[in-house]
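> Build me a model from this:
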Amino acid sequence: MVISSSPQPPPAAELVRYLNHQIGLSEGALALGLKQSQLEQAPLPVVLWRFGLISLDQFGQVLSWQAEASP
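Purely as a prediction, here's the structure:
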């Protein structure tokens with residue numbers, strides 16, 4: 001279990017869309033990841049990777065996308 005000492009903001013809608021449309025994550029997998037992310041106060045991509053819902057390569061793609069998308 002990953003637990004952060006500081007509250008994590010909810011994931012951006014753009015991230016959820018990216019995970020669904022570009023990574024191909026199902027609605028069920030996203031729902032599980034979102035729920036667990038909130039319970040653990042951990043970043044969504046980390047939770048998805050830890051649960052085996054995305055591969056390490058996909059995790060890297062998400063991190064790259066986030067780095068490009070942030071100002």
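
> those helices in this protein, which residues are they?
For the chain, applying DSSP state H gives helices covering 13-21, 27-40, 44-50, 56-69.

> highest average neighbour count across those?
Of all the helices of the chain, helix 44-50 has the most neighbours on average by mean count of other Cβ atoms under 10 Å, namely a mean of 21. Where C-beta positions appear, they are placed from N, C-alpha and C, glycine not excepted.

> Need phi/psi at residue 53.
Per-residue torsions, residue 53: phi -80, psi -20 (degrees, to the nearest 10).

> which one of the helices of the chain lies closest to residue 7?
helix 27-40 (9.8 Å; Cβ to Cβ).

> Give the other helices and strands that that closest one contacts.
helix 13-21, helix 44-50 (3 or more Cβ pairs under 8 Å, 6 or more residues apart in numbering; DSSP states H and E).

> angle of it against helix 13-21?
140 degrees (axes from the mean of the first three to the mean of the last three Cα atoms, to 10 degrees).

> ok so, going back, format the helices and strands packed on helix 27-40 as CSV; extra columns: mean pLDDT.
Listed next are the helices and strands packed on helix 27-40 as CSV, based on pLDDT from 0 to 100:
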stretch, mean pLDDT
helix 13-21, 96
helix 44-50, 96
